[in-house]
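Chemist: below: sequence and its predicted model.
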Amino acid sequence: MKEFTCIVCPKGCRIFADGDALTGAGCGRGLEYVRSEMENPTRMVTSTVRLSGSQLPRLPVKTSAPIPKEMMLRAAELLNDVTVQAPVESGAVIVKNILGTGVDFIATKSVGE
Amino acid sequence: MKKYEYDVAVIGAGPAGLAAALEARKNGAERVAVLERDFEAGGILNQCIHNGFGLHYFKEELTGPEYAERFIRELRETDIELKLNTMVLSVSQNRHIIAVNPQEGVLGIDAGAVILAMGCRERPRGSLGIPGTRPAGIFTAGTAQRYVNMEGCMVGKKVVILGSGDIGLIMARRMVLEGAQVMACVELMPYSAGLRRNIVQCLDDFDIPLYLSSTITEIRGRRRVESVVISQVDKDRKPIPGTEKEIECDTVLLSVGLIPENELSKNAGIELDMRTKGPVVYENMETSVPGIFACGNVAQVHDLVDFVTMESIRAGKAAAEYAAHGEEPSPCFELFASKGLGYILPQRARMDRIGDFLDVFFRVNDIYEDVSIVVKSNGGEIARFRRDYAAPGEMEKIRIPKKLLTGNEIEVSLKGGDRE
Amino acid sequence: MKQAYDVIIIGGGITGCAAAYECSKYDFKTVLLEKENDIACGSTKANSAIIHAGYDPEPGTLMAKYNARGNELAHRLAKKLDIPFRETGSLVLAFSEEEVREVRRLFENGVRNGVPVEIIPGAEVLRREPNISKQVKCALWAPTGAIISPWEFAAALIETAVRNSVECRLMSPVKRINRQDGLFEVTAGGEKYRAKYIVNAAGLYADKVYEMAGGQGLHITPVRGEYFLFDKTMGGLVSTVVFQCPTKLGKGVVVAPTVHGNLYAGPDSKTADARDDTSTHRNELEYIREMAVKSVPTIDFSQNIRNFAGLRAVAGEDFVVGESAVENFINAAGIKSPGLSSAPAIAEDIVQILGRCGLALRRKETFRGERRVLRMNEISFEEQDALIRENPSYGRVVCRCQTITEGEIIDILHRPVVPRSIDGIKRRCAAGMGRCQGGFCEPRIHDIMARELGVPMKDILQDTEGSYIVTGETKED
């Protein structure tokens, strides 16, 4: 039996999965959430990379789409070796094709020189 | 001393100030200035690099810097003057502002209307009175967030987080992604003050234990934090002897509440509400001093920036109107937070300025299920709203039709819904 | 390497700094050795910040002698060296007949110590201080009681001493004291210092230092006092230092304003387990809270911004000042309360004692005993404006709560004794001392320090050695 806390609404139902049987959900959206969490949980990852040529030494980045949950830490580690030179535009690709997912890390802030 | 005159002067270029300034400009204020003490606009959003912003306002999910950039770009398209590195020292009742910046020195600014958008600050350790030593390694979550996300500095390797407010939860995940170990998140209340999504995605995803009804009762370590002692608390939130447990760590992050930043408001003689800790405001976010408006976290601490934006749009529009036409005093009624409510906003409203509806914001003071929000006017019920679930961590909004508002006193309370 | 001096002062607390200042007026060679990375890190760091009038000590004691004289000197030094100081006067409140008798005893003490004192009736106390408890029957009024910034007091003294060629060596804990050919050889911080005279101002460690020189019979007990510090919103609750009567039940606690506009309540008095045990405790704080509201019932404890504790170095009933059994080794030990008030007078006396021990006391003609500090929040807008035009960094406000600019912080970093810690800056200009307790300004001050001192962020400390703030950079493997 596995337990999930639903994040669809503030109520936070505790939903229990026993094989395919789900109990405890207050609504259908909760069931849908737990099914996706069971089949293929994904997360957005946000972090920073080194930035040179600007007042601040870090540039914020995010994944261009959610990636599989278990890849979060490995994806974040990829950023340790990256240095970006200012100027940079928000949306610019910083790391291409994270761990073969087809998802990129992109800049989330525009920084002038 | 340099002198300036503006129709609308906005103090603070965070999400509140940016939205208010843009809206004032759109509503006919010709000379609008935003005074920002930092070297860039965006305020606290610049360090909130996580996603989850904008779902209500832009209908898409953005990070903090992206959300801010939407407004900064729009501002650049206008003739609104953005004064960076500019610290406001005082605001007077007749809307004279004294500010200082490195480029121009001391500035004297006369404004047709002033919008206070200074945001809030974090409660420091002192306000909690945690006994023990005072070593390095104790940060408010927001300070740590700035160090990690903007300065690129690691604040520690083994972290305990006190308080499960959203910034604390978000920082738990950030620290893990940067290679630190988060030992525990400790919450005094029997429930978390943070958003459900953050509990799941910031704690559960990384197997970080959340200790509810618990608190840090001692901090140990002479020079740098070496450990904390956590204890369970009883229903009066007093530590229960015998439940102490020591957790080794080098860092303590405090996420124990935000307080509206109202030094300027206080010194301007603006009436403050003991409950919101922000100015008492009217339906259009005007304070007790005519022509001075307040919006965003300076007025009430929000959980979602989207609502800051919407509130600030109302303030910006009203400020532009005031700057153009002034205002005549008109009769007003008061709103009271009664049983089950932590506070209410606005605290006053003027019938002749309400549109078809009056939007009322508040927070409940505990967790409720299947609860009714009861609105009374001069003692008689005029409206009732249902909620399946209400928690202090989520700001509530109700919309009261104008035609129901007849009395000179509106009282909002909760009925039923107490959890056993 | 051996370095030759006439006088070695051990300890950079208020006593050592005052001694250094006095020595700098004379043309002998002095060095001050401090074990920590900054001065004023022991008892001087956390205390009641009061310049006592001097009615309290038993007549005839060293405390009585030095306190009265020290009060007078502190008034003068505050002006000359630009130290935040306010002559608030002080009150000792009496709530019972027993306490009225105690106030009378203190009055007589005061008269015998040559200190201006007066007994004022309860109604007059309330007229002057409306927030004091209505139960007050009468009070001792001492107009020369004052409040000061203890840190800036110590900093002003050492800076002036260094400008007048005293040397100050931080991070120099004394490890060994040898004696050879009538000279002391002190090993500290990897260096050897030689001098004919030692002034032992080592505070909580004065007995250890004395023993290193072969002395015996001095025992320092650390006595801890805990405090509440309140937001400036409480700063106006009282305008003077408010004492309670010492009774059988204890000395009572003080409620007083600070020179930076805050209010504090404390201290209690408990023997500490260790000489660096400045931890705070739930029970002790609870006791202070109960006592404080007896004097000022309307203190709002939700406005507490910090709790702290300080240690007093107690050697016995009185101070221990004078040449010791070890020839040419002068103790200035057991400088408990009223040590802050007494320090300038103790220092004056130390020089005389050095003279009696044979050191030639020739005044230095080049001595410059003036010091000025630029504080932007104390000058007019016109003056601020002019300064910012010259140096834009005076227009960049870093600490919002106390309105301290980047320029003022840079100034501090160019003073003679330079702190490497955020708290060192705080002690010199009150940045980070306000309601947000550095939440906003700490990373910014950190940045400025790293940049100005040309060191990585991780080399800037919170306070003493080992109190690192950041462990390094993010994105390091």
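Modeler: Yes, it's here.

Chemist: give me the below-cutoff pLDDT ranges for chain C.
Modeler: Applying pLDDT under 70 to chain C picks out residues C:1-2, C:248-250, C:477.

Chemist: so which residues of it form helices?
Modeler: C:14-23, C:62-80, C:97-112, C:122-128, C:150-163, C:206-212, C:282-295, C:339-356, C:381-390, C:406-413, C:422-429, C:442-453 (DSSP state H).

Chemist: turn those into a markdown table, including distance to A:A107 and mean neighbour count.
Modeler: Any C-beta I mention is one placed from the backbone N, CA and C, and that applies to glycine too. As requested, these are arranged in a markdown table below (distance: least, CB to CB, whole Å; neighbours: other CB atoms under 10 Å in any protein chain shown):
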| stretch | distance to A:A107 | mean neighbour count |
| --- | --- | --- |
| helix C:14-23 | 52 | 31 |
| helix C:62-80 | 54 | 21 |
| helix C:97-112 | 70 | 16 |
| helix C:122-128 | 63 | 15 |
| helix C:150-163 | 44 | 25 |
| helix C:206-212 | 58 | 22 |
| helix C:282-295 | 48 | 18 |
| helix C:339-356 | 55 | 23 |
| helix C:381-390 | 35 | 16 |
| helix C:406-413 | 29 | 20 |
| helix C:422-429 | 32 | 26 |
| helix C:442-453 | 22 | 20 |
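
Chemist: could those go into a markdown table alongside distance to chain A?
Modeler: Output for the helices of chain C, formatted as a markdown table (distance: least, CB to the nearest CB, whole Å):
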| stretch | distance to chain A |
| --- | --- |
| helix C:14-23 | 38 |
| helix C:62-80 | 40 |
| helix C:97-112 | 57 |
| helix C:122-128 | 52 |
| helix C:150-163 | 31 |
| helix C:206-212 | 44 |
| helix C:282-295 | 34 |
| helix C:339-356 | 42 |
| helix C:381-390 | 20 |
| helix C:406-413 | 14 |
| helix C:422-429 | 19 |
| helix C:442-453 | 10 |
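
Chemist: reformat these as CSV; add distance to B:G316.
Modeler: Below are the helices of chain C laid out as CSV (distance: least, CB to CB, whole Å):
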stretch, distance to B:G316
helix C:14-23, 54
helix C:62-80, 49
helix C:97-112, 60
helix C:122-128, 48
helix C:150-163, 44
helix C:206-212, 64
helix C:282-295, 45
helix C:339-356, 53
helix C:381-390, 29
helix C:406-413, 32
helix C:422-429, 37
helix C:442-453, 29
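
Chemist: out of these, which gets nearest to chain B?
Modeler: Taking CB to the nearest CB, helix C:381-390 is the member of those nearest to chain B, at 4.0 Å.

Chemist: which residues touch the closest one?
Modeler: B:1, B:98, B:100, B:102, B:104-106, C:374, C:376, C:379, C:394-395, C:407 (CB atoms under 8 Å, 6 or more residues apart in numbering or on different chains).

Chemist: just those residues: which are in strands?
Modeler: Counting by DSSP state E, the contacts of helix C:381-390 place B:98, B:100, B:105-106 in strands.

Chemist: could I get the contacting residues of the residue nearest to C:I409 when sequence neighbours are not counted?
Modeler: Nearest residue to C:I409 in three dimensions, chain neighbours excluded: C:I448, at 5.5 Å (CB to CB, 6 or more residues apart in numbering or on different chains). Shown in contact with C:I448 (CB under 8 Å, 6+ apart): C:398, C:406, C:409-410, C:413.

Chemist: with B:E334 instead?
Modeler: Counted by CB under 8 Å, 6+ apart, B:E334 has contacts B:347-348, B:408-410.

Chemist: can you give the distance of the strand or helix carrying it from its chain's centre?
Modeler: Under the criterion DSSP states H and E, the helix or strand holding B:E334 is strand B:332-337. From the chain centre to the centre of strand B:332-337 is a distance of 22 Å (CA atoms, centre = their mean, to the nearest Å).

Chemist: note down every partner strand of that strand and its orientation.
Modeler: Using DSSP bridges, strand B:332-337 pairs in its sheet with strand B:348-350 (antiparallel), strand B:409-415 (parallel).

Chemist: need the ones you listed in CSV (columns: mean pLDDT and mean neighbour count).
Modeler: CSV is the format used below for the strands paired with strand B:332-337 (pLDDT from 0 to 100; neighbours: other CB atoms under 10 Å in any protein chain shown):
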stretch, mean pLDDT, mean neighbour count
strand B:348-350, 96, 19
strand B:409-415, 95, 19
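
Chemist: quick one: which of those is nearest C:I50?
Modeler: strand B:348-350 (45.7 Å; CB to CB).

Chemist: residues contacting the following helix or strand past that closest one, please?
Modeler: Downstream of strand B:348-350, the first helix or strand assigned by DSSP H and E is strand B:357-364. If you take CB under 8 Å, 6+ apart as the criterion, strand B:357-364 is touched by B:283, B:300, B:335, B:337, B:340-346, B:349, B:371, B:390-392, B:394-402, B:405, B:412, B:414.

Chemist: buried ones only from those residues, please, as a ChimeraX command.
Modeler: Buried subset of the contacts of strand B:357-364, written as a ChimeraX selection, criterion 16 or more other CB atoms under 10 Å in any protein chain shown:
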select /B:283,300,335,337,340,341,343,344,345,346,349,371,390,391,392,394,395,396,398,400,405,412,414
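
Chemist: give me the most central residue, the chain.
Modeler: All of this refers to chain A. A:M44 (1.3 Å; CA atoms, centre = their mean).

Chemist: chain B was what I was after
Modeler: For chain B, B:V301 is the residue whose C-alpha lies nearest the centre (CA atoms, centre = their mean; 2.5 Å).

Chemist: check the gap between the residue lying closest to that one once chain neighbours are set aside and chain C for me.
Modeler: Nearest non-adjacent residue to B:V301, counting by CB to CB, 6+ apart: B:L258, 4.6 Å away. Here B:L258 is placed at a distance of 11 Å from chain C (CB to the nearest CB, to the nearest Å).

Chemist: ditto for A:P41
Modeler: According to CB to the nearest CB, A:P41 stands 26 Å off from chain C.

Chemist: next, give phi and psi for that residue.
Modeler: For A:P41, the backbone dihedrals are phi -70, psi 130 (criterion: degrees, to the nearest 10).

Chemist: go on, B:G28?
Modeler: Per-residue torsions, B:G28: phi 100, psi -10 (degrees, to the nearest 10).

Chemist: just the one 10 residues further on next, same as before
Modeler: The phi and psi values for B:D38, taken as degrees, to the nearest 10, are phi -90, psi 180.

Chemist: and it, what does it touch?
Modeler: B:13, B:84-85 are the contacts of B:D38 under CB under 8 Å, 6+ apart.

Chemist: which one of those residues sits in the busiest neighbourhood?
Modeler: Counting neighbours by other CB atoms under 10 Å in any protein chain shown, B:A13 leads those with 27 neighbours.

Chemist: what's the lowest-mean-pLDDT helix or strand in chain B packed up against?
Modeler: When the helices and strands of chain B are scored by mean pLDDT, DSSP states H and E, helix B:196-198 comes last with a mean of 87. Judged by 3 or more CB pairs under 8 Å, 6 or more residues apart in numbering or on different chains; DSSP states H and E, helix B:196-198 is in contact with helix B:166-177.

Chemist: wait, does the helix it packs on contact chain C?
Modeler: No - applying CB under 8 Å from any CB of the partner chain, one finds helix B:166-177 separated from chain C by no less than 9.3 Å.

Chemist: would you quantify the distance from B:A24 to C:R169?
Modeler: Distance from B:A24 to C:R169, counting by CB to CB, to the nearest Å: 59 Å.

Chemist: between those two, who's got more neighbours?
Modeler: Counting neighbours by other CB under 10 Å for B:A24 and for C:R169 shows that B:A24 has the greater number, 34 against 17.

Chemist: wasn't the more buried one part of a helix?
Modeler: Yes - per DSSP: H, G, I helix; E, B strand; the rest coil, B:A24 lies within a helix segment.
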